[in-house]
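**Student:** Please find the sequence and the predicted model below.
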Amino acid sequence: MIARAARLSSLVAVALTVACTSYYEIPIETPIRAKLDTGPFQRVLVAGFIAGGADDVDSNLETTRLLRSQLRNKSDLRVIDVDVLPLMDVASDGREAEASGDGGLPPVIKDEKDIEAYEHVFANVEYWKKVGEEFQNPLIVTGTLLFVERTNNQVVQREVEMFDDLGRRRLVPTRNFVERKGFALNGRFIFIDGRTGAQLHSQSFGEQVMYSTQQTTPALSSYFELMDRLIPNFLSTLSSTKVKGTRILLQ
Amino acid sequence: MTIVGPIFTMISRIVVVATLLAVAAGPAAADARDDAKKQVEFGIKVAQKGLWREAIIRFERAARIDPTYAAAYNNIGIGYEHEGDLDKARAAYEKALELEPNNQLIKQNYELFKEINDRTSRSTQ
């Protein structure tokens, strides 16, 4: 009731503003500059990811493939096609030398904490410099990925039709718990300068998609749905884009 | 009792002077708004033809003529947004909302602007 009143009053406010003002709707295109200067690079290497979570999707391989194909179509950089780098092994090698006993790294990544244990690999300047030398100093794209199943309960308010003793109809609001399930994709894209091995830029992300429990959605299609949301932001890091919209000019 | 008389006289004088000033400033303010409106009107025409730089010049001129003209700042915000200068756009929208905090059209523009601005800066470290 309060929400409806608030909505109504905001509509009235808009109507009053519109009535008192001359206004013109106008299309605009906002240019968004690339966050990263790719000028010094001719080539890009999507090296692979420290990835884990749901077993149904190999998020490392799928993301590498998807980003390479997007970059091939929407970037001026030449995409290097090689096998994904064994980043988990590289991270483990470093740790085994340092640590005693089991080396300290979880063999399978299940959550954020497991990913954190591998993060040191991105700071290994010597390793990335070596990779850069091998592939003629490209821009290197790597990072972390965690694709996991999610479930949650949500309170949904619905109006139920009821009739009183006199047969008069009325709508009674009722609240129900609805269970939902889906997937979440969290992580970070890391951009490394292949000439120096240093990190140039990093971009965290987190998206989730939820469905009702009756709906059966394969993990892979949920993964692509989530990546579809992330890709524009990823591409806008490397190349300028334009966002179309409309605004109201006032007189 | 002896103090109340002079204080009352002084207050009456202040009220009279303030009223006279307001009456004198009224037509001047109205003139400024009229001049500013002409600039905005022209700015809108050129913006509709895609000449955004000229439009921004006109909107800024309007804001200089009448610094209380919220519509001019709103339009400057749109102009800078179109030019990709998001810092200037934000400043202009915020000034417009400072002048007219309840203007729903300015609020709507600002919300849409913030959505784009947040998208560009979101999750970047």
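**Tutor:** Nice, thanks for sending it over. Numbers count the residues shown, from 1 in each chain, chains lettered A, B, ... in the order given.

**Student:** can you give me the helices for chain A?
**Tutor:** Along chain A, counting by DSSP state H, helices occupy A:2-20, A:59-74, A:87-98, A:112-118, A:125-134, A:219-238.

**Student:** need the strands for the stretch 101-250 of chain A, in chain order.
**Tutor:** Using DSSP state E, counting those that start in this stretch, the strands found in the stretch 101-250 of chain A span residues A:139-163, A:169-193, A:199-212, A:241-250.

**Student:** Pull up the pairing partners for the second one, direction included.
**Tutor:** Strand A:169-193 has its sheet partners listed here by DSSP bridges as strand A:139-163 (antiparallel), strand A:199-212 (antiparallel).

**Student:** Give the full set of residues in contact with the residue nearest to the spatial centre of chain B.
**Tutor:** Closest to where the C-alpha atoms of chain B average out (C-alpha atoms, centre = their mean) is residue B:70, at 2.8 Å. Residue B:70 sits next to A:250, B:95-97, B:99-100, B:103, B:106 when contact means C-beta atoms under 8 Å, 6 or more residues apart in numbering or on different chains. To be clear about C-beta, it is placed using only N, CA and C from the backbone, and glycine gets the same treatment.

**Student:** In helices only, show me those residues.
**Tutor:** If you go by DSSP H, the contacts of residue B:70 have B:95-97, B:99, B:106 in helices.

**Student:** in what helix or strand does residue B:42 lie?
**Tutor:** Using DSSP states H and E, residue B:42 falls within helix B:4-48.

**Student:** Contacts made by the helix or strand that that helix is followed by with the rest, please.
**Tutor:** Next helix or strand after helix B:4-48 toward the C-terminus (DSSP H and E): helix B:52-65. For helix B:52-65, the external contacting residues (C-beta under 8 Å, 6+ apart) are B:32, B:35-37, B:39-40, B:42-44, B:46-47, B:69, B:72-73, B:75-76, B:79-80, B:82-83.

**Student:** Now the terminal residues of stretch A:157-176, how far apart.
**Tutor:** End-to-end distance for stretch A:157-176: 6 Å, by C-alpha to C-alpha, to the nearest Å.

**Student:** Kindly report the same for stretch B:45-56.
**Tutor:** Distance across stretch B:45-56, first residue to last, is 12 Å (C-alpha to C-alpha).

**Student:** give me the low-pLDDT residue ranges for the stretch 51-200 of chain A?
**Tutor:** Applying pLDDT under 70 to the stretch 51-200 of chain A flags residues A:94-103.

**Student:** Point me to the residue of it nearest chain B.
**Tutor:** Closest to chain B within the stretch 51-200 of chain A is residue A:188: 8.2 Å, counting by C-beta to the nearest C-beta.
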